[in-house]
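Engineer: Need coordinates for the following:
(4 chains)
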Amino acid sequence: MSEQGPGPGGGMGGEAPVGVPDVPMGGGETESLATATPISPWRLALRRFLRRKPAVISVAILGVIVVGATFADQIAPFGALEQDLDAILHGPDGTHLLGTDTLGRDNLSRILHGGRVSLLVGITVALIAGGVGTLIGILAGYYGGLIDATLMRLTDTLLALPGLMVVIIAARLLGDGTWDVVLVLSGIAWMTLARIVRGKVLTLKEREFVEAARALGVPARQIMRRHLLPNLVGEITVTVSLTVAAAILAESTLSFLGLGVSATHTATWGNMLGGNEGFVTTAPWLVWGPGLAIVITALCVNFIGDGLRDSLDPTQGKL
Amino acid sequence: MAHSEASRPFGPETGPLLAVDGLVKHFSTRRATLKAVDGVSFTLEEGGTLGLVGESGCGKSTTARLILRLLEPTAGSVRFRGRELTTLPAAEVRLLRRRLGIVFQDPYASLNPRMTLRNIVGEGLAVWEPRSDIDGRVAGLLERVGLDPAFAGRYPHELSGGQRQRVAIARALAPEPSLLICDEPVSALDVSVQAQILNLLADLRRDLGLTILFISHDLAVVRHVCERVAVMHLGRIVEIGARAQVYDNPRHPYTAALLSAVPVPDPAHRHRRSRVQLAGEVPSPLDPPSGCTFRTRCPHAAERCATEAPELARRGADHPVACHFAADLPLAAQP
Amino acid sequence: MIGYALRRLAVTLPVLVVISFGTFWAAGEISSPTAQLTLNPRISPEAKQDYVELLGLDRPLHVQYGKWLGNFVTGDFGTSLVRNGQDVWPFVERALANTLLLVAAAVSLSLLIGLAVGVVSAIRRGSLWDYGSVTVSFLGVSIPVFWLGLMLQLFFGLYLANWLGVGPPLLPTAGIYSPGQQGFDLLDRVRHLVLPTLALSLQLVAVYSRYMRASMLEVMSADYIRTARSKGLRESRVVVRHGMRSALVPVTTQVAIDIGQLVGGLIVTERVFQYPGMGLLFLDALEGGDYTILLPTVMIAAVVVFALNLVADLLYGVLDPRVRLGRDRRVARNV
Amino acid sequence: MNVPDRRIPGAAALLSVRGLRTEIDTENGTVTAADGVSLDLHGDEVLAVVGESGCGKTMLALSILGLLPRRTGRITGGQVLFRGEDLTQATPARLREIRGADIAMIFQDALTGLHPLQRVGDQIVEMIRAHEPVRRDAARRRAVDLLDLVGIPDPDRRAASFPHELSGGMRQRVMIAMAVALDPAVLIADEPTTALDVTVQAQVLETLARISGDLNGSILLITHDFGVVAGFADRVAVMYAGRLVEQGPVAEVYGRPRHPYTAGLLASMPRIDDIPGRLERIAGTPPSLISPPPGCRFAPRCGFATDLCGELTPQTRLWPADGGVTVACHHAERVGAG
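Structural biologist: All right, here's what the predicted structure looks like:
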């Protein structure tokens, strides 16, 4: 309802009691509620999420992809590095459903195995960036002053670098192991979240429940843990999930440039594409498979992130 | 244990429970200085109720936050039971806060939406007395403020505004404070719910012997709740006195103007009341007028007002007024 | 405004120095130019030694860097280490011009489409058009740009020609001129620009339409839009003069920041389409260990990023009278 | 159901709302913000609609001009008759003609209600030129005159200000100047002074009263403040949970409230002119408009309620016959008796 509460500054807009209709008290001294069980904000969020079809479908598809990648050893018809020298650069057929590459390796099996590394990189980068970004954002926002100035100057400086050039240089300096790639990508992925978290903390800090906690003598660490963090979950979850998609894309880009995870040890969706760029016209199946795997995964993750935004932060775009 | 430690430094002494003297808070930006609170002094006796009234931006809420040291004062002194608070080290500030409870204006912003009522109300207990029977005491507190103890597992979004404000009061009462600061506790509530909360505060004060500092822009509410009243204007107190003195015999032109501006829900008053219409714009607190900050809107302003800031009369007077002409002005007593 | 720009510059300069030194150091770590010389069997060790001494490669790193920096700030970009000692600047200049052309083409096309799509989506929120455009924009940000480039090459270079059953590909898939082309030919140039522009634009349209949709949704729910309607204005005027006018403010500044990143960020697109811009030059110089080319490339990219961040800030102040420069512009967004 | 017109028997009111039903979709269900609301606004009078937040009074105001939230709000029944023309059936083009020129609105918060990036003078000029084919400079002169009329000092210079450069009181005056620019027959003022401090509120109300006197228009005042109503309105309509419960001349309603809700509210208000003491109070909180209680919606909080109240929705009726007050309560006689 859009009517304002009376009184100057009565900022009650938008947050009408939800879930349970107000039950008037029957003239007695205590008030009571009608529904039997409390409804937590998390359950409300889940309910809202389940109403969003694209997000729910994306969860299902992503689930299949994750299972396929996790159990690649069991599911894939061939090993990731297993060569069939009789079938080099074969198109899709009964044995090799998605064809083979220049070394006679089965394309489908490599996509399944490669998904493991691609997803691992994506998720790990997102988690590291999420942790670092959250920590820096909370500290900067809550303490303010010199701590804030220092941390945010660092963040802004990193954000104002020519990003891709820096990543490429860093990737060249480090090796081509999975963890090198994770390190490089995490290094540039945390700033956005740090700024988002700091901005939200600055507004939360002004909210009266944080002041109330301070007024009760609650220690700073407990305020950050119990009052700030739970109210940041929406922003953090959404940003982290979108970072998963961005990191998968970034890993594939680095691999395409020959700077990602080494193709000699493992397959990743990215290095499958990077190695086969020259065969676009002669063996297009090599480019279709891993490319679609990346696109579908990133698309699902993006849809999930969008669904999370709507369900965890219902104030955004209500009407 | 925490209890005995906490009570000793703030133990009972003679004199007022709370004595604020020359309190100042300036917020500085690169361009300007905002004198939010500019030399506020008052005392509050144990068991008393003092209303701090004024319009938005007059510094009344800042004063509350300075007393609790949620903000650091620029200058001045706050003594609680004779003990100076403004110079307390940070660690002891936390001990102090146990004795001072606060209820905020907006019941929608003052409760953490991710916590159950049990945790909201119990947090103050858990901090100070982690080993006590928190569940039992939370139930008692909820009942005390007129809520079903079964609410403990609920979340704020399941409650109405009035119910939330009851929770906020229960939270403030949990550590058993001796001073309760209410910062616009009913101004976000509907009229039909306001009365419930005001009555609850009156009951709590009677039953628990609370001392209350009541901050509000609503003169009618303050008249209802407070025995003494201080009127603030642009960071300063311009008049302070007993309820009857301030409401029936205002000595500051600003107080008189405020009183006459309050709409009365009685059509018969419509033509009978003499409304002191203030001319001009409310001055910006970033650029207050010289001398008396009210002079630009004051119907009685004289040359002296522009050059000399009137002092709130010194101690001794029971109804001090910060106006050069307080003794001479023909201010109409209100209905 | 000028003062603000100068202050920003003062903060930026040390950062630029750090970037250039970091790049300088990294270039040496990644591949030494002498390694390239060693690979060439026709160069004798003595000649190599002369070369090293001539360029001062045997001196400490900071001395080498200092020399480079001294020349750089005086506008002397030096000669290339590995490209037979040719002047560096013409290489960089050509690359920069090519990249700026591609950026300009892609950004203007994408703005045109993206903003329109975003506005229509916001106005018809929840319609089929909205769902469609949101899905396409998700697709746009989920496709790696190099893969999209490969697919475009495959489509225009192979499939389309196959289906049509004719010989030559519809559009060239690499470079900026057809093989054997001499001198300037507008049509040929434009035909080579089409695919890289398309590859970039899908992403940019996706991003811009989402910016615009979100901004427009926020604005159209504002109170002043309701006021505009209550004035009896035509809906087109409400949407364009009141809605878009406000919605464009944050979008414009965000787009400005993004453009800054594009100038040094087209590495993948340029690589796929063998488009000789800053990105391709950067990759070549990095592989060749040619810091004399790598450094100006990175520095120009960095300066462009900083410059457009500054432009974004200044633009915000121009477009929104509520914003005073130097204050956090996110504050104004929340008003 | 229709409210009889006691002033000019048989004459049509200037603005007449008949059995209006307005629904708003929210995340938790559909809210019936106005449920069978009928009221009449006559020429040259001030009618106040008073009620608590969420009672539907703002949605009622927005319904009149078809300004409900586009995706979520709609009128599902009843009529809004302006000079006999049903606005709920009017074409968008016709509604645009009426908005601003015949019926103008003032909103609660002038800071968010005025366009932040447009100079206030231009906002008034835009209003004038949307309805009258006048030249820009002529419209601008009128805008400056209007700013002067509402008591803005130095109006020529102030016309070039942006809203954020003005104080709250001045912004609200700009809103008023804009609303009266075309001398509308009806001015709908939705909580025009709620966001203002009390001394400024008094000034703005005074301006509004003066202007409405000058421009012989009628005002529909939406407010939660019984004090403002008493000082400003001729008649009052009390709204509770989407329905009008009582309507009549201010002196009659205040002097002898017939509905227990009106009586309870008046008794529970702390008053500046009152002897302090314990307040009467209404128990409980207003009901949700998603699933309101059956029968009389005030029954669960009402001291007069009987079984009948929980079952049967009370009809709106005139009681007593000569008071000019209509009330929707089964027990109006008992309430009105004291």
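
Engineer: CA only for contacts and neighbour counts going forward, please
Structural biologist: Fine.

Engineer: Provide the backbone phi and psi angles at the nearest residue to residue C:242 once chain neighbours are set aside.
Structural biologist: Among residues not flanking residue C:242 along the chain, residue C:225 sits closest, at 6.7 Å (Cα to Cα, 6 or more residues apart in numbering or on different chains). When read as degrees, to the nearest 10, the backbone of residue C:225 gives phi -70, psi -40.

Engineer: Tell me how far residue C:225 lies from chain A.
Structural biologist: 14 Å (Cα to the nearest Cα, to the nearest Å).

Engineer: That residue touches residue C:245, doesn't it?
Structural biologist: No: taking contacts as Cα atoms under 8 Å, residue C:225 lies outside contact range of residue C:245: 11.4 Å.

Engineer: So between these two, which is more surrounded?
Structural biologist: Taking other Cα atoms under 10 Å in any protein chain shown, residue C:225 and residue C:245 do not tie; residue C:225 has more neighbours (20 against 16).

Engineer: For the more buried one, give me its contacts.
Structural biologist: By Cα atoms under 8 Å, 6 or more residues apart in numbering or on different chains, the contact list for residue C:225 reads C:219, C:238, C:242, C:243, D:113, D:115.

Engineer: Chain D contacts on the stretch 151-300 of chain B?
Structural biologist: Residues of the stretch 151-300 of chain B lying near chain D by Cα under 8 Å from any Cα of the partner chain: B:160, B:162, B:190-196, B:199, B:219-221, B:223-225, B:257-259, B:261-270, B:277-278, B:281-282.

Engineer: returning to what we had before: which of the contacts of residue C:225 tops the neighbour count?
Structural biologist: residue C:243 leads those on contacts (other Cα under 10 Å) with 25 neighbours.

Engineer: Am I right that it is in contact with residue C:216?
Structural biologist: Yes: the criterion here is Cα under 8 Å, and residue C:243 meets it with residue C:216 at 6.7 Å.

Engineer: now the strands for chain A?
Structural biologist: Using DSSP state E, no strands are found in chain A.

Engineer: Where does pLDDT dip in it?
Structural biologist: Scanning chain A for pLDDT under 70 picks out A:1-36, A:314-319.

Engineer: One more: the stretch 201-335 of chain C?
Structural biologist: Applying pLDDT under 70 to the stretch 201-335 of chain C flags residues C:324-335.

Engineer: Please enumerate the helices of it.
Structural biologist: Here the stretch 201-335 of chain C has its helices, by DSSP state H, counting those that start in this stretch, at C:223-230, C:235-237, C:245-263, C:267-272, C:278-288, C:291-319, C:329-334.

Engineer: Check chain D too.
Structural biologist: In chain D, the segments counted as helices under DSSP state H are D:57-64, D:92-98, D:110-113, D:120-131, D:136-149, D:155-158, D:168-179, D:198-214, D:226-232, D:250-255, D:260-268, D:307-311, D:332-336.

Engineer: JSON lines please, covering these and showing distance to chain A and mean pLDDT.
Structural biologist: Below are these laid out as JSON lines (distance: least, Cα to the nearest Cα, whole Å; pLDDT from 0 to 100):
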{"stretch": "helix D:57-64", "distance to chain A": "6", "mean pLDDT": "94"}
{"stretch": "helix D:92-98", "distance to chain A": "22", "mean pLDDT": "95"}
{"stretch": "helix D:110-113", "distance to chain A": "12", "mean pLDDT": "88"}
{"stretch": "helix D:120-131", "distance to chain A": "23", "mean pLDDT": "96"}
{"stretch": "helix D:136-149", "distance to chain A": "25", "mean pLDDT": "96"}
{"stretch": "helix D:155-158", "distance to chain A": "25", "mean pLDDT": "94"}
{"stretch": "helix D:168-179", "distance to chain A": "11", "mean pLDDT": "93"}
{"stretch": "helix D:198-214", "distance to chain A": "10", "mean pLDDT": "85"}
{"stretch": "helix D:226-232", "distance to chain A": "12", "mean pLDDT": "89"}
{"stretch": "helix D:250-255", "distance to chain A": "21", "mean pLDDT": "92"}
{"stretch": "helix D:260-268", "distance to chain A": "14", "mean pLDDT": "91"}
{"stretch": "helix D:307-311", "distance to chain A": "13", "mean pLDDT": "92"}
{"stretch": "helix D:332-336", "distance to chain A": "18", "mean pLDDT": "88"}
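
Engineer: Minimum distance to residue D:192: which of those has it?
Structural biologist: Closest approach to residue D:192 among the helices of chain D (Cα to Cα): helix D:168-179, 7.4 Å.

Engineer: what's the burial count for residue A:48?
Structural biologist: Neighbours of residue A:48 using other Cα under 10 Å come to 17.

Engineer: ok, it - contacts?
Structural biologist: Neighbours of residue A:48 in contact, by Cα under 8 Å, 6+ apart: A:310, A:311.

Engineer: which of the residues of the stretch 151-300 of chain B next to chain D are buried?
Structural biologist: B:160, B:162, B:190-196, B:199, B:219-221, B:223-225, B:257-259, B:261-267, B:277-278, B:281-282 (16 or more other Cα atoms under 10 Å in any protein chain shown).

Engineer: among those residues, which are in helices?
Structural biologist: Using DSSP H, those in helices are B:162, B:191-196, B:199, B:219-221, B:223-225, B:257-259, B:261.

Engineer: nearest spatial neighbour of the residue nearest the centre of chain A, skipping sequence neighbours?
Structural biologist: Nearest to the geometric centre of chain A sits residue A:241, at 1.6 Å (Cα atoms, centre = their mean). Of all residues beyond its chain neighbours, the one nearest residue A:241 is residue A:305 (5.5 Å), with distances taken as Cα to Cα, 6+ apart.

Engineer: Nearest to chain B: which residue in the stretch 151-300 of chain C?
Structural biologist: Across the stretch 151-300 of chain C, the shortest distance to chain B (Cα to the nearest Cα) belongs to residue C:223, at 20.6 Å.

Engineer: wait, that residue sits on residue D:108?
Structural biologist: No: judged on Cα under 8 Å, residue C:223 makes no contact with residue D:108 at a distance of 9.7 Å.

Engineer: quick one, which of these two is more surrounded?
Structural biologist: Taking other Cα under 10 Å, residue C:223 and residue D:108 do not tie; residue D:108 has more neighbours (24 against 18).

Engineer: correct me, but the more buried one touches residue D:192?
Structural biologist: Yes: counting by Cα under 8 Å, residue D:192 is a contact partner of residue D:108 at 4.7 Å.
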